[in-house]
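Chemist: A predicted structure for the sequence below; I have some questions about it.
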Amino acid sequence: MVGRNSSSPCLRDKLFTKAMNTEDTLFADPLGRIKDFSFDKKVAAVFPDMIERSVPGYRTIIHMTGTLAAQFVQDDSHCYDLGCSLGAAMVAMHHNLKGRACHIIGVDSSKAMLEKCRPHLQLCAEKPDWDLICANILDVEISNASVVVLNYTLQFIAPALRNRVLEKIYAGMRPGGILVLSEKVAFDDARMHKMYIELHHRFKKANGYSDLEISQKRTALENVLLPETIPAHTERLRKAGFESCEVWFQCFNFISILAIK
């Protein structure tokens, strides 16, 4: 039986969410000049609220990242969360990998995000085997990896560099290892593309965002977040060496792909 004061995954998840529960109002007031979106201190302070209210299926993807890690992790290997933000996927993996001999490594280029990430990871009662690295993922060595997570990270990397990212990941993975790639995507069919954008906006409005907030954030992201089609992603994965890759989750224009080496 699990007691009320235990550090069960469900309890820790509630504590994790409560500690990060600051409402996102960054785009609530009219902005004279809208700067390109960046993961600065203001974004880090509201990030959990922002991403849950902005990304359909986000919580499901985080939870299932842990499930996938448990299925595919290999003993004495590394599990990477590239673009780890505040560590939600790291915590999900940790919850599901108890007793497994693996090392979890979180990488993010934003110092502001990692400053918020460290205390959130400490909500786990145990002393997990993990590290945080502040660096561009292209500058980090990927080695001995059985699980690699790229949740909403590749979309912020220049398209010309995305092949290098996936090739680097593939080269540093063990055979049988997996890559979880979650992204916002575009569609070649103009009608479907427009429909999914409108549905995404409805999702955000249902979560309390105003038309002004949606419009201003979209402007801030348009030169920073560059989505691609699902075929573009799968073609790049296969070019990098992944023979098996399929979409395992989709909600509107947000998807997650599982690729196996």
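Modeler: Done, it's in.
Chemist: list the residues that contact residue 112.
Modeler: 39-41, 43-44 (CB atoms under 8 Å, 6 or more residues apart in numbering). (C-beta placed from N, C-alpha, C; glycine too.)
Chemist: which of these sits closest to residue 170?
Modeler: Nearest to residue 170 out of the contacts of residue 112 is residue 39 (CB to CB; 25.7 Å).
Chemist: which residues does the closest one contact?
Modeler: By CB under 8 Å, 6+ apart, the neighbours of residue 39 are 47, 85, 108-110, 112-113.
Chemist: which one of the contacts of residue 112 is nearest residue 152?
Modeler: Nearest member of the contacts of residue 112 to residue 152, counting by CB to CB, is residue 39, at 11.1 Å.
Chemist: the closest one sits in which helix or strand?
Modeler: Element membership for residue 39, per DSSP states H and E: none, as it lies in no helix or strand.
Chemist: how about residue 216?
Modeler: helix 211-221.
Chemist: need the contact partners of that helix.
Modeler: Contact with helix 211-221 is made by 26-28, 30-31, 34-37, 54, 201, 204-205, as judged by CB under 8 Å, 6+ apart.
Chemist: before we move on, the earlier item: show me just the buried residues among the contacts of residue 112.
Modeler: When burial is judged by neighbour count using 16 or more other CB atoms under 10 Å, the buried members of the contacts of residue 112 are 39, 43-44.
Chemist: now render the contacts of helix 211-221 as a markdown table, adding distance to residue 215.
Modeler: As requested, the contacts of helix 211-221 are arranged in a markdown table below (distance: CB to CB, whole Å):
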| residue | distance to residue 215 |
| --- | --- |
| 26 | 13 |
| 27 | 8 |
| 28 | 12 |
| 30 | 10 |
| 31 | 10 |
| 34 | 9 |
| 35 | 15 |
| 36 | 15 |
| 37 | 13 |
| 54 | 14 |
| 201 | 9 |
| 204 | 11 |
| 205 | 11 |
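Chemist: show me which of the contacts of residue 112 is closest to residue 130.
Modeler: residue 44 (19.0 Å).
Chemist: where does that closest one sit relative to residue 153, distance-wise?
Modeler: Residue 44 is 15 Å from residue 153, where distance means CB to CB, to the nearest Å.
Chemist: do residue 96 as well
Modeler: Applying CB to CB to residue 96 and residue 153 gives a distance of 21 Å.
Chemist: same deal with residue 204?
Modeler: 21 Å.
Chemist: got it, and residue 97?
Modeler: Using CB to CB, one gets 21 Å for the distance from residue 97 to residue 153.
Chemist: make sure residue 54 is actually in contact with residue 204.
Modeler: Yes. Between residue 54 and residue 204 there is a contact at 6.0 Å, judged by CB atoms under 8 Å.
Chemist: taking the contacts of residue 39 together, which two end up most distant?
Modeler: 47 and 109 (14.4 Å).
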